[in-house]
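Novice: Return atomic coordinates for the entry below.
(one chain, ligands or ions: 1)
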Amino acid sequence: MKIGILGTGGMAATLGGAWTAAGHSVVIGGRSQERAERTAGRIGAAGHGTLADAAGHGDAILVAVPAIDAPQLVGSLAGSLAGRTVIDCTNPIVPTGDGLMLNTGSATSVAHQLATAAPDACVVKAFNLCHVSIWTLRPPRFEDLPLAVPYCSDHPTAAAATQTLISSIGCTPAPCGGLARAAYLEATAALAIGLWWAGGQPRAAFPSLAEVPQSLND
Ligand SMILES: NC(=O)c1ccc[n+]([C@@H]2O[C@H](COP(=O)([O-])OP(=O)(O)OC[C@H]3O[C@@H](n4cnc5c(N)ncnc54)[C@H](OP(=O)(O)O)[C@@H]3O)[C@@H](O)[C@H]2O)c1
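Specialist: Okay, here's the model as predicted:
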């Protein structure tokens, strides 16, 4: 698949590296051509260029910039993004005295803001739950299971493209409903990252259904 990545930082390099290793054609787009070239070179990407170049290259576009900047950036590229799968991995979180909080204000989610900014793009929320370093694992497996990657989308074609991108790096797609539920993925990230920072184990809060003493139907 052709993938354009908006951003040249950690998520661009690790997810872009995983997709390149899986045989996809990745173009890294940045506002600094020097940083775009460096990131593309590090991962052996197919190419690099401006943010518009990356938007124009991809069947799927990964938005890997700070959440606060993503809606304006996506809006500025709306024409190029029309009809394409736009994957939002951003986390709109800020540290406060009471742990991490969402800073989406009255907006439901960043993903919803992106869909509003580029109404003809097919926005998907995905890849926001795991730390950037997880995508350097080939493949990401834990306790003998492939990593599950939850995603939300209103568009069947974009959902299918996202499933392909998840499966091709050895992970399991975990469909979580329509884009209205992206707010839950963003809130889950805020809660889980806050727990990790506090020294907790968020995964221990979700035991396998096979291990709970009663079936959900009892
Ligand atoms: N790090 C994680 O563990 C992790 C995990 C899940 C999700 N995420 C999310 O993924 C996104 C990227 O995170 P990251 O760790 O890759 O961040 P990062 O390493 O700081 O990279 C951010 C990238 O965004 C670019 N950027 C910043 N403002 C921009 C703007 N207004 N227009 C265009 N480009 C802009 C930066 O470009 P310049 O170099 O030009 O400033 C840089 O290339 C964030 O939304 C984050 O919440 C991160």
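
Novice: Just give the nearest non-adjacent residue to whatever residue of the chain ends up closest to the ligand, would you?
Specialist: Here the residue of the chain nearest the ligand is Gly9; by CB to the nearest ligand atom that distance is 2.0 Å. Just so you know, the C-beta spots here come from the backbone N, C-alpha and C atoms, and that holds for glycine as well. Spatial nearest neighbour of Gly9, excluding adjacent residues (CB to CB, 6 or more residues apart in numbering): Ala64 at 6.6 Å.

Novice: Can you report how many residues neighbour the residue of the chain closest to the ligand?
Specialist: Neighbours of Gly9 under the rule other CB atoms under 10 Å: 15.

Novice: worst-scoring helix or strand of this protein, pLDDT-wise?
Specialist: strand 99-102 (a mean of 87; mean pLDDT, DSSP states H and E).

Novice: what packs against that one?
Specialist: Applying 3 or more CB pairs under 8 Å, 6 or more residues apart in numbering; DSSP states H and E, we find strand 99-102 packed against strand 93-96, helix 182-197.

Novice: and those, which one's lowest on average pLDDT?
Specialist: For those, mean pLDDT drops lowest on strand 93-96, to a mean of 90.

Novice: C-alpha coordinates for it, CSV please?
Specialist: This file holds the C-alpha atoms of strand 93-96, laid out as CSV (Å, rounded to 0.1, in the frame of the first residue of the first chain):
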residue,chain,number,x,y,z
ILE,A,93,-3.4,14.8,26.6
VAL,A,94,-1.8,17.3,29.0
PRO,A,95,-0.3,16.7,32.4
THR,A,96,-2.2,18.3,35.3
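
Novice: which residues sit against it?
Specialist: With CB atoms under 8 Å, 6 or more residues apart in numbering as the test, strand 93-96 has contacts from 67, 100-103, 186, 189-190, 193.

Novice: what about Ala198, how many neighbours?
Specialist: For Ala198, the tally of surrounding residues (other CB under 10 Å) stands at 9.

Novice: Can you name the residues that contact the residue lying closest to it once chain neighbours are set aside?
Specialist: Leaving out its chain neighbours, the residue that sits closest to Ala198 by CB to CB, 6+ apart is Gly99, at 7.1 Å. Residues near Gly99 by CB under 8 Å, 6+ apart: 194, 197-198.

Novice: will you turn those into CSV that also has distance to Ala205?
Specialist: Converted to CSV, the contacts of Gly99 look like this (distance: CB to CB, whole Å):
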residue, distance to Ala205
Gly194, 12
Trp197, 15
Ala198, 13
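
Novice: which of these lies closest to Asn128?
Specialist: Gly194 (14.3 Å; CB to CB).

Novice: shouldn't the closest one be in contact with Leu100?
Specialist: Yes: Gly194 is within contact range of Leu100, at 4.2 Å (criterion: CB atoms under 8 Å).

Novice: correct me, but the residue nearest to Gly9 touches Trp19?
Specialist: No: using CB under 8 Å, Ala64 is not in contact with Trp19, being 11.9 Å away.

Novice: More neighbours: these two, which one.
Specialist: Legend: neighbour count by other CB under 10 Å for Ala64 and Trp19, higher for Ala64 (27 against 23).

Novice: quick one: the residue positioned nearest the centre of the chain from Cys130, how far?
Specialist: With distances taken as CA atoms, centre = their mean, Cys89 lies nearest the centre of the chain, 2.5 Å away. The gap separating Cys89 from Cys130 is 10 Å, by CB to CB, to the nearest Å.
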